[in-house]
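K.L.:
Got a predicted structure plus its sequence, pasted below:
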Amino acid sequence: MIRLLAALALVLTACAVQAETLKLAVTTSFATSGLPDVLLPALKLGTGIDVEMLVGDTANALALGETGQVDAILLDSRRDEETFIADGFGTHCRAIMYDDFVLLGPVDDYAGIAQSVSVTEALQRIAKSERQFVSLGDDSPLHKKEQALWADAGLTPQQFPNWYTVAGAGANSSLTTAVDLQGYILMDRQSWLHFGDKTGLAVLFSDDPVLFNQYSFVPVSAARHPHVARDLARQVERWLTGPQAEELINGYTIEGQPLFIFNAE
């Protein structure tokens, strides 16, 4: 009987460990990158914690955190994260990794952006050349980034003539338009690497720090929502900023090209 009870206790303990689940709100860009398929199984093996991802756009992820439906969020929108914390919904923001945006264009690079020393110069060269440029025009974070970069370059897209095309669509449809027009486009590297028909287009400008896209982990405040899994969030954060996560993140590639750079401190 004693042995039976001991064995039962071990089974129940094991089930309890397996049942530990952290609910994490993430954006579609992270969920579809393929990295979670590599990262989350290793995280579970190292911590015993299942991570349940709730996927949506930035606004959706923030709303899930604000209403306490998740224990933490993983976003790539620093301004929104800072507001989330300032409003008392999150405890802090911990950098994990970044990917980047790139300027694509026709292989002949008529505007000569490959010789630019900054993204500002690259955009100014495109405007001067009046070679076709495709904008998503969908009010996504990528579209907002593009608009901010034009503003930083001292240019106003609304005043551009007909060489500036607003696709009014997501990444894949906008890339298709850029291929059809053999035009320039700002795109996140992940979408470009996953895109099928790259005919005539290439990455012409990248690696300006302004184009880096930071992903950060933000635990939801237990002071605002006492039911959140605060201890699990701490363990997940510790693992995500540790050496095994660093190796997996830096080693993850698409078509042989690295996608994310680990930069946790």
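P.N.:
Good, I have the coordinates.
K.L.:
residues touching the closest residue to residue 221 other than its chain neighbours, list them.
P.N.:
Distances taken as Cβ to Cβ, 6 or more residues apart in numbering put residue 91 closest to residue 221, at 5.2 Å, once the chain neighbours are dropped. In this view, the C-beta of every residue, glycine as well, is placed from N, C-alpha and C. Going by Cβ atoms under 8 Å, 6 or more residues apart in numbering, residue 91 touches 85, 218-222.
K.L.:
One more: residue 138?
P.N.:
Contacts of residue 138 by Cβ under 8 Å, 6+ apart are 167-170.
K.L.:
and those, which two are the farthest apart?
P.N.:
168 and 170 (9.5 Å; Cβ to Cβ).
K.L.:
what's the stretch of helix or strand residue 232 belongs to packed up against?
P.N.:
Per DSSP states H and E, residue 232 falls inside helix 230-240. When contacts are defined as 3 or more Cβ pairs under 8 Å, 6 or more residues apart in numbering; DSSP states H and E, helix 230-240 sits against strand 21-27, helix 35-47, strand 72-75, strand 94-106, strand 212-219.
K.L.:
Buried ones in it, by neighbour count?
P.N.:
230, 232-233, 235-237, 239-240 (16 or more other Cβ atoms under 10 Å).
K.L.:
ok, now stretch 253-265?
P.N.:
Those would be 259-260, 262-264, for stretch 253-265 by 16+ other Cβ under 10 Å.
K.L.:
hmm, who's touching that stretch?
P.N.:
So stretch 253-265 is contacted by 33-35, 94-99, 189-190, 193-194, 214-215, 240-241, 245-246, 249-252 (Cβ under 8 Å, 6+ apart).
K.L.:
Show me which of those are buried.
P.N.:
33-35, 94, 96-99, 189-190, 193-194, 214-215, 240-241, 245-246, 249, 252.
K.L.:
what about residue 209, neighbour count?
P.N.:
9 (other Cβ atoms under 10 Å).
K.L.:
how close does it get to residue 233?
P.N.:
29 Å (Cβ to Cβ, to the nearest Å).
K.L.:
what do you get for residue 92?
P.N.:
11 Å.
K.L.:
shared neighbours of the two, anything?
P.N.:
Joint contacts of residue 92 and residue 233 (Cβ under 8 Å, 6+ apart) are residue 219.
K.L.:
Provide a list of residue ranges in the protein with pLDDT below threshold.
P.N.:
1-19 (pLDDT under 70).
K.L.:
Would you map the strands across it?
P.N.:
21-27, 50-56, 72-75, 94-106, 133-135, 164-166, 184-188, 201-205, 212-219, 253-254, 257-258, 261-262 (DSSP state E).
K.L.:
by contact count, what packs against the fifth one?
P.N.:
Helices and strands touching strand 133-135, as assessed by 3+ Cβ pairs under 8 Å, 6+ apart, comprise strand 164-166, helix 171-181, strand 184-188.
K.L.:
Which of these has the highest mean neighbour count?
P.N.:
strand 184-188 (a mean of 25; mean count of other Cβ atoms under 10 Å).
K.L.:
now the angle from that strand to strand 201-205?
P.N.:
80 degrees (axes from the mean of the first three to the mean of the last three Cα atoms, to 10 degrees).
K.L.:
Parallel or antiparallel, which strands does strand 184-188 pair with?
P.N.:
strand 94-106 (antiparallel), strand 133-135 (parallel) (DSSP bridges).
K.L.:
Distance to residue 40 for those strands - can I get that in CSV?
P.N.:
Formatted as CSV, those follow (distance: least, Cβ to Cβ, whole Å):
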stretch, distance to residue 40
strand 94-106, 13
strand 133-135, 34
